[in-house]
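Q: after the sequence you'll find the predicted model.
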Amino acid sequence: RDVTGVQTCALPIYSSFIVAERVVLTTRRAGLAADEGVRWESDGKGDYSLEMIERPERGTTIVLQLREGEDELLNGWRLRSIIEKYSDHISVPILMPGEPEGQEEEGKPKPDVTVNRASALWTRSKSELTDKDYNDFYQHIAGEFTDPLAWLHAKIEGVYEYTLLLFIPSRAPYDLWVPEARRGVRLHVQRVFIMEDTGQILPRYLRFIRGVIDSADLPLNVSREILQGSRAVDNIRTNAVKRVLRRLAELAENEPEKYATFWKEFGITLKEGVADDYSNRDEIAKLLRFTSTK
């Protein structure tokens, strides 16, 4: 009776077979009798088994049997680093056994601890957030110890729905001129981290921008090929570029000292936009600065 639902929730698990040779999923929906649980099992080679089982507790349990040579995924630190990278901001808390140093007691299980933040700062109202909140979040995602020069935080609703939280750094990253370097914007879909920008979201001349773009319209299994042909991504890119350029113009007009710092660090990079981004070249030209004798 729950076959369709079980198949649907099991399909994304096939990506686990990169590291697992066998996956077992057992589940029972709340409200059903204990003998109406379901067990789904597969070795990832195309076939699977499905059967009704006795399951006293409700909910879902997924067990992965790792392939030989994948033992690093049994390491607590390695698991935590994966969770912090991909699932740090999903709304559901993720628990793991705690590992308090020097506090273990013989025969007593270690208490579970929450290893993800379980909240996404960019989904909160700007009126609820302080400058410290933004600065701390920037340092968290950018791996920096300095505060950003400025940021923009906007929720766009309409044909496509997404949130932008983008930061203008105060100093250039060490890999600014490395062509293979990942861009600083992280793409999320419904709070789940998908990938770092590889040039599809923001143009190359804005590669110094750091932050998060969270879309409600893209699929969770989005790929680079899907991004290249997506109208939603085109809309995100267009709006994000215009808002970044507008924020830079505001910085130049209202806080010239900060803009001078920005220009010293990223001016040469911004100049690339005059040649690369024809549709925004007039806005970019107004942001350019040149040394004069005056």
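A: It's in. Residues are numbered from 1 along each chain as shown.

Q: dump the residue contacts of Gly143.
A: Contacts here follow C-beta atoms under 8 Å, 6 or more residues apart in numbering; on that basis Gly143 touches nothing. From N, CA and C alone the C-beta is placed, and that goes for glycine too.

Q: can you show me the helices along the stretch 151-294 of the chain?
A: 224-228, 231-254, 256-276, 281-287 (DSSP state H, counting those that start in this stretch).

Q: show me the beta-bridge partners of the residue positioned nearest the centre of the chain.
A: Nearest residue to the geometric centre of the chain (C-alpha atoms, centre = their mean): Phe193, 2.7 Å. On the basis of DSSP bridges, Phe193 is bridged to His188.

Q: tell me the contacts of it?
A: For Phe193, counting by C-beta under 8 Å, 6+ apart, the contacting residues are 85-89, 186-187.

Q: kindly recompute the last result at 10 Å.
A: 84-90, 186-187, 212, 214 (C-beta atoms under 10 Å, 6 or more residues apart in numbering).

Q: still on that earlier bit, which stretch among the helices of the stretch 151-294 of the chain comes nearest Asn75?
A: Asn75 sits nearest to helix 224-228 of all these, at 29.5 Å, using C-beta to C-beta.

Q: next, format the helices of the stretch 151-294 of the chain as TSV and append mean neighbour count, mean pLDDT and distance to Pro97.
A: Shown next, in TSV, are the helices of the stretch 151-294 of the chain (neighbours: other C-beta atoms under 10 Å; pLDDT from 0 to 100; distance: least, C-beta to C-beta, whole Å):
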stretch	mean neighbour count	mean pLDDT	distance to Pro97
helix 224-228	13	71	36
helix 231-254	17	94	39
helix 256-276	16	95	44
helix 281-287	14	95	52
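
Q: can you list those helices in TSV and add distance to Asp47?
A: Formatted as TSV, the helices of the stretch 151-294 of the chain follow (distance: least, C-beta to C-beta, whole Å):
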stretch	distance to Asp47
helix 224-228	28
helix 231-254	35
helix 256-276	50
helix 281-287	56
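
Q: out of the ones you listed, flag the one nearest Gly46.
A: helix 224-228 (23.1 Å).
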